[in-house]
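J.: predicted model, plus sequence, below.
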Amino acid sequence: MIEWAVLIGLAAATLRVAAPLLLASLGETIAERGGLLNLGIQGAMLLGAFSAFIGAYFTGSLWIGLVSAIVGGVLATLLFGVLVVSLDLDHVVSGLAINLLASGLTLYFTRVLFTGGVSPYLGELFGPLPIPILSQIPVLGEVLFSQTGFVYLGLISVPLVYMLLTKTTFGIRLRAIGEDPVTASYLGINVVKMRYAALFAEGMLAGLAGGLLTISMFNTFDTRIVAARGFVAVSIVILGRWNPWGVLAGSLLFGFTEALSLRIGIIFPELSGASTIQLFALLPYLVALVALVAGGRRVRGPASLGKRIGKQ
Amino acid sequence: MAITPLSSPFFNDKEQDNGKDAEYAVFLKGITKIFPNGTVANHDVTLGILKGEVHAILGENGAGKTTLMRIISGILKPDSGEILIDGKPVRIRDPMEASRLGIGMVHQHFTLIPEFTVRENIALVLATSGWLNLKKVDEKITSVSKSMGLEIDPDSKIESLPIGKRQQVEILRLLCQDVKILILDEPTSVLTPIEVDSFFRMIRDLKSSGKTIVLITHKMKEALQISDRITVLRAGRVIKTIPTSEANEALLASLVVEGMIPATVVRRGTPGAPVLRVESLRVSDDRGRPAVDGLSLVVRSGEIVGIAGVAGNGQKELVEAITGLRRVESGTVRLALHDITNKPTRFIIERGISYIPEDRLHRGVILTMGVHENLALKCIGKPPMSRKSVIDRGLVLRNAENLISRFSIKVPDPCTSVENLSGGNIQKLIVARELSNGGEVLIAEQPTAGLDIKASEAVHQELVALRSKGIGILLVSSDLDEIIKLSDRICVIFGGRIVGEFVPENLDIERLSRLMLGAE
Ligand SMILES: Nc1ncnc2c1ncn2[C@@H]1O[C@H](COP(=O)(O)OP(=O)(O)OP(=O)(O)O)[C@@H](O)[C@H]1O
Ligand SMILES: [Mg+2]
């Protein structure tokens, strides 16, 4: 018999672990709705994580860390914009190039800045921020209302991004570009400006998603800190069918499997210590694969997704 | 509006006209456009469009009609020259600027987002503030469509609408933007004769409500019927602008094309054994409703069978079922001895079916690939084009050069990517590839839509030549003249069934039209 406390803990952890995925995949949703397939989101998250850490460590202020996370993420996605929007280069190649650049840069600067190439620990973290009154509600209060600001931000962003895409002029024009950028330009929509704007928004969200890792989750930096979260975010977007609500569901699914894989020893004590438990770390990726095969068939993304415009 | 075409100034490119006159809605002065690849699309074009007139533009494929109109609507920038709107010089930086100046264009290839609804497509250009105000868009749609007598459901998705309706949406969108000058690039090449009639009625309504209309067309008859003045372009230059009352078909033809047009002498074929046999075919459309409903049809070798009908009566689905692009629900399709029902398209192509698709951009070519590669697409996997999976590049190029000259496709060089070709030249390319592909049966879907008279004649001659070689041809066309001219037998399609059959010798056009409308 599994205890209540364990289940509640699992649910709360699901949200905590899902937060970076949610923020990043919402950002990627905005970009992809505009036709931009940005695999460089992985690099944007890494730069976000690194600059958040640097900002917080050298100034001693987590808030400055937060701002620099955004700056780092935006720089990465705008660079992607230069390659893909301005120079009309291949999306996938450009994205991968940015990932390589990001890991090279962060590795170099950790070596230069910190002795032994090992980042020190931060003195403090953005911890949980229980919401008064709401956090007193049994179960729900613990799961939903005693989280960090990043979790709240991610959850609030879902309806916001949804409204941005469906209820605003910006959104409808961005989606038109995602379907057919040449037609959109014939209609007088400034494709370049709009795409840069979309990438700016993605950069902010991806930077925050990365920054969250260093200044709210792990309190140090390592070049492998993002793991494959950027790529997982890209698959969540496909799984969520380019819809913010679907993306929320996808993020929770991944958050849940990751949280579960971390707790499998607690839930099934007889397994703890066994080397098979390492296999459970693969669970989220396995779920990604299965979910994409099962749910990714017959889905049609934005028609121009990942395509170069070609010479006009 | 007070200007009648007869009293309007008569001029051509030689005449000095400063265009400052506010009689002109648009005045182009010495416009030259040279593309980066060196193509001179427009050369010193001087042209005035009078307020409130319907001005037709004629010219061969690649004459520079579309390019000139794109310059007026702000999509392309001229290399030199001046544009005057209402007598005032303007610089049209982008399409937004053009629409502020009251200029709107319906493009040769539609600019609607198929995934969006009518409302969303219109909101796309109307919206000014941050939040979408769909209610306001709806009000605009209702008021404009009421004044034009259009019936369009703002909730319907574009991809579910027939072509004629899509065109109405394009025009509706321009009217919602309150444009004063409408530029229509080959609007009739996608319409059936009945749709053309109602389209012309709309043009007349627009004119009487004070709009200025520029209409590009390849059909002289249409230009003579609807326009007030006609300008002919050839190789990027204005040949002449004349009042329609002084024009006739022979004169226009001699202006459009240098030299004589070889008239196709069509003798009837001598049909042999059946090559394509369709029996009690049932096929559904995209929404699962029956589109082809127990249709039977035979095409014999050395015979052209024309399918006449109003678009949307199952023609598209019939062709897709034969070519393996759509699932057959019941019935059979046989090609000589082979059963090709629900077989893969590759199998069907290899058994000898060639196909000229209506949707050229998506089904006919790969836009970003070279002309030479597109011309080799169907035979590139087999010897002699490729041996042991290695492509013989020299042969691909020679094949292309050969076809380019045989079908007089206008390309700067055989390796240019297809997206740089004019609409008509893309069609020529597809026709060239399919006609040279061999095979026993050719399915030709709107083979001359958008082609100039010379090119249409060339295609007709090729079709007739193939027939004399014993190939069976299924011709699906909304151009009734074309069907009557070429077919050995005419089948009328209505509601997914063949409802009547004629031989051209004793054709009762009245009855044919009634059958097309399902009136019998
Ligand atoms: N983007 C481009 N780059 C290079 N050349 C181009 C481009 N667009 C058009 N051209 C060339 O300019 C010439 C004029 O093309 P345009 O599309 O204006 O012809 P058109 O008169 O509209 O012909 P059609 O009746 O076939 O539509 C053609 O030779 C075409 O190949
Ligand atoms: Mg054209």
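T.: Yep, that arrived. The structure presented is a predicted model; accordingly, all values stated were derived computationally and were not measured. Ligands and ions are numbered 1, 2, ... in the order given.

J.: helix/strand/coil for B:V305?
T.: Counting by DSSP: H, G, I helix; E, B strand; the rest coil, the backbone at B:V305 sits in strand.

J.: list the contacts of it.
T.: Applying CB atoms under 8 Å, 6 or more residues apart in numbering or on different chains, we find B:V305 in contact with B:L297, B:V298, B:V299, B:G472, B:I473, B:L474, B:L475, B:S487, B:D488, B:R489, B:I490, B:C491. From N, CA and C alone the C-beta is placed, and that goes for glycine too.

J.: B:S330 now?
T.: By CB under 8 Å, 6+ apart, the residues touching B:S330 are B:S280, B:L281, B:R282.

J.: which of the contacts of B:V305 tops the neighbour count?
T.: Using other CB atoms under 10 Å in any protein chain shown as the neighbour test, these are led by B:G472, with 30 neighbours.

J.: run through chain B and note the low-pLDDT ranges.
T.: For chain B, applying pLDDT under 70 flags the ranges B:1-22, B:192, B:259-266, B:520.

J.: those residues of chain A touching chain B, which are they?
T.: Within chain A, the positions near chain B by CB under 8 Å from any CB of the partner chain are A:167-173, A:175-176, A:179-180, A:183, A:185-190, A:303, A:310-311.

J.: so which of those residues are in strands?
T.: Members of the residues of chain A next to chain B lying in strands (criterion: DSSP state E): none.

J.: got a quick PyMOL command for the buried subset of these?
T.: With 16 or more other CB atoms under 10 Å in any protein chain shown as the criterion, this PyMOL line picks the buried residues out of the residues of chain A next to chain B:
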select buried, chain A and resi 168+169+170+171+172+173+175+176+179+180+183+185+186+187+188+189
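
J.: re the thing from before, in a markdown table, list the contacts of B:V305 along with secondary structure and distance to B:G314.
T.: Converted to a markdown table, those look like this (DSSP: H, G, I helix; E, B strand; the rest coil; distance: CB to CB, whole Å):
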| residue | secondary structure | distance to B:G314 |
| --- | --- | --- |
| B:L297 | strand | 11 |
| B:V298 | strand | 17 |
| B:V299 | strand | 17 |
| B:G472 | strand | 20 |
| B:I473 | strand | 19 |
| B:L474 | strand | 13 |
| B:L475 | strand | 16 |
| B:S487 | coil | 18 |
| B:D488 | coil | 22 |
| B:R489 | strand | 18 |
| B:I490 | strand | 16 |
| B:C491 | strand | 12 |
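
J.: near ligand 1, which of those show up?
T.: Among the contacts of B:V305, proximity to ligand 1 is found for none (CB under 6 Å from any ligand atom).

J.: ligand 2: which of these is nearest?
T.: B:L475 (23.9 Å; CB to the ion).

J.: if we can go back for a sec, how about a markdown table for the contacts of B:V305, with distance to B:K157 added?
T.: Putting the contacts of B:V305 into a markdown table (distance: CB to CB, whole Å) gives the following:
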| residue | distance to B:K157 |
| --- | --- |
| B:L297 | 31 |
| B:V298 | 37 |
| B:V299 | 35 |
| B:G472 | 37 |
| B:I473 | 34 |
| B:L474 | 30 |
| B:L475 | 31 |
| B:S487 | 35 |
| B:D488 | 40 |
| B:R489 | 37 |
| B:I490 | 34 |
| B:C491 | 31 |
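
J.: what distance do you get for B:R119 to A:R175?
T.: Applying CB to CB, to the nearest Å, the value for B:R119 to A:R175 is 14 Å.

J.: B:S405 now?
T.: For B:S405, the distance to A:R175 (CB to CB) stands at 45 Å.

J.: and B:L325, what does it touch?
T.: B:L325 makes contact with B:T345, according to CB under 8 Å, 6+ apart.

J.: for it, give its distance to B:P187.
T.: B:L325 sits 27 Å away from B:P187, going by CB to CB.

J.: for B:T368, same thing?
T.: B:T368 is 27 Å from B:P187, where distance means CB to CB.

J.: hey, where'd the helices end up in chain A?
T.: With DSSP state H, the ranges of helices along chain A come out as A:4-33, A:41-59, A:62-81, A:91-113, A:140-144, A:149-167, A:169-179, A:181-186, A:191-212, A:229-239, A:244-267, A:276-279, A:283-295.

J.: helices or strands up against the fourth one?
T.: For helix A:91-113, the helices and strands in contact under the criterion 3 or more CB pairs under 8 Å, 6 or more residues apart in numbering or on different chains; DSSP states H and E are helix A:41-59, helix A:62-81.

J.: what's the most buried one of the ones you listed?
T.: Highest mean neighbour count among the helices and strands packed on helix A:91-113 (mean count of other CB atoms under 10 Å in any protein chain shown): helix A:41-59, with a mean of 29.

J.: which strands or helices does that one pack on?
T.: By 3+ CB pairs under 8 Å, 6+ apart, helix A:41-59 packs against helix A:4-33, helix A:62-81, helix A:91-113, helix A:191-212, helix A:229-239.

J.: my read: B:R326 touches B:L318, true?
T.: No: at 9.0 Å, B:R326 and B:L318 do not qualify as touching, with contact defined as CB atoms under 8 Å.

J.: can you pick out the residue with more neighbours from these two?
T.: B:L318 (28 against 20).

J.: ok, the more buried one - contacts?
T.: Applying CB under 8 Å, 6+ apart to B:L318 gives the contacts B:V278, B:L281, B:V283, B:V292, B:L295, B:I307, B:V476, B:I493, B:G496.

J.: got a list of what the second one touches?
T.: To tie it back to what came earlier, the one meant is B:L281. B:V292, B:G294, B:L295, B:S296, B:L297, B:L318, B:A321, B:V328, B:S330, B:G331, B:T332, B:V333.

J.: if we can go back for a sec, what is in contact with B:R326 and B:L318 at once?
T.: Common neighbours of B:R326 and B:L318 (CB under 8 Å, 6+ apart) are B:V283.

J.: before we move on, back to that, turn the helices and strands packed on helix A:91-113 into CSV, including mean pLDDT.
T.: As requested, the helices and strands packed on helix A:91-113 are arranged in CSV below (pLDDT from 0 to 100):
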stretch, mean pLDDT
helix A:41-59, 97
helix A:62-81, 97
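
J.: which among the ones you listed is found nearest to B:V238?
T.: Comparing the helices and strands packed on helix A:91-113 against B:V238 with CB to CB, the closest turns out to be helix A:62-81 (42.5 Å).

J.: burial of B:E505, as a residue count?
T.: B:E505: 7 neighbours (other CB under 10 Å).

J.: could you list the low-pLDDT ranges of chain A?
T.: For chain A, the stretches with pLDDT under 70 are A:1-2, A:271-276, A:295-298, A:311-312.

J.: now do 80
T.: Low-confidence segments of chain A, defined by pLDDT under 80: A:1-3, A:264-281, A:283-285, A:287-288, A:291-292, A:294-300, A:310-312.

J.: residue of it nearest ligand 2, please.
T.: The minimum distance from chain A to ligand 2, using CB to the ion, falls at A:Y186 (13.8 Å).

J.: if I pick the nearest residue to that residue once chain neighbours are set aside, what's in contact with it?
T.: Using CB to CB, 6 or more residues apart in numbering or on different chains and skipping residues adjacent in sequence, the residue nearest A:Y186 is B:T111, 4.9 Å away. Neighbour list for B:T111: A:T183, A:Y186, A:L187, B:E170 [criterion: CB under 8 Å, 6+ apart].
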